[in-house]
Structures are given as C-alpha cells and as structure tokens.
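Engineer: Next one to model:
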Amino acid sequence: MKLRKILIIDDEFPAGYLIKINLEAEGYEAVLALSGEEALEKARTSAPDLITLDVLMPEMDGFEVLEALKRDKGLNSIPVMMISVINGIRKKRGIQMGAVDYLFKPIDFDNLLNKIRGLEMDKSPP
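Structural biologist: Presented below is the predicted three-dimensional model:
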C-alpha cells in the first residue's frame, strides 16, 4: 500500500519545509503543520497516511501530540514516526507510546525514504 499523504509536524519551518519539498519531489503529497494544535487539526482534516512528528516543540510537545493522536479513534491507526535531536530514553518512550519509528535530526532523507518504503511494504497485502 502506498502511503500517499504525509503530515509533517515541526515547529521549525525550515526543517519541516525541507522534508516537505523532498517528499513532494518523490511523488508524495506532503502537508506541513507548525504546532501541536495545528497538527491535530490537519490530521483530522487532511487524512494523512503517515505522520512525521518533531519531539521538541513549544506549548504542546511531540509526546503530547502523539498521546492525543493515539486517544482519538479517528486518528489512532495512523503510523507516526518521531523525529528529534535527542537520543536515549526519549526514543524508548516514543516507541512505547505507539510510534512506529524514531529518527534523529539532522534528517538523513535517504534513511527517511527507506523507512517510509518499509512501512509501505509492511502494509502491502500478502
């Protein structure tokens, strides 16, 4: 199954925009949200197939956004890849909360694409 639409959540516009334009260059539809509240709204209205979620954001951090996504019956089945500059225990926490992967900044775009393609393979019918 092709993951066509990807919601990118990152409070730093340059970082989020860079992911967006690279995904669009690969044929994906990409939607950018710059805050946790905007992310939840866009997740509900744009029906993404995948979400990339920055951890360190003001007001509502990535873990709070992930928790809200997992509580929402209309959104809890959307796979979420967390992205952060911070390693260690936060990675474990993200995976325990339901993230399908945890990537580190600066983003290696080839690695991100490989992870997305791996998810597409996992969702393909046998």
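Engineer: CA atoms for contacts and neighbours, from now on please.
Structural biologist: Noted.
Engineer: Helix, strand, or coil at the spatially most central residue of the chain?
Structural biologist: Nearest to the mean C-alpha position of the chain, counting by C-alpha atoms, centre = their mean, stands residue 52 at 1.2 Å. Of the three states, residue 52 takes strand under DSSP: H, G, I helix; E, B strand; the rest coil.
Engineer: got the contact list for it?
Structural biologist: Contacts for residue 52 were tallied using C-alpha atoms under 8 Å, 6 or more residues apart in numbering; they are 6, 7, 8, 9, 80, 81, 82, 83.
Engineer: now with 6 Å?
Structural biologist: 8, 9, 80, 81, 82 (C-alpha atoms under 6 Å, 6 or more residues apart in numbering).
Engineer: what about the last one, neighbour count?
Structural biologist: Here the neighbour count serves as a burial measure; for residue 82 (other C-alpha atoms under 10 Å) it reads 25.
Engineer: what's downstream of the lowest-mean-pLDDT helix or strand in the chain, the next helix or strand?
Structural biologist: None of the helices or strands of the chain scores lower by mean pLDDT, DSSP states H and E than helix 89-96, at a mean of 86. Next along the chain after helix 89-96, taking DSSP states H and E as the criterion, comes strand 101-104.
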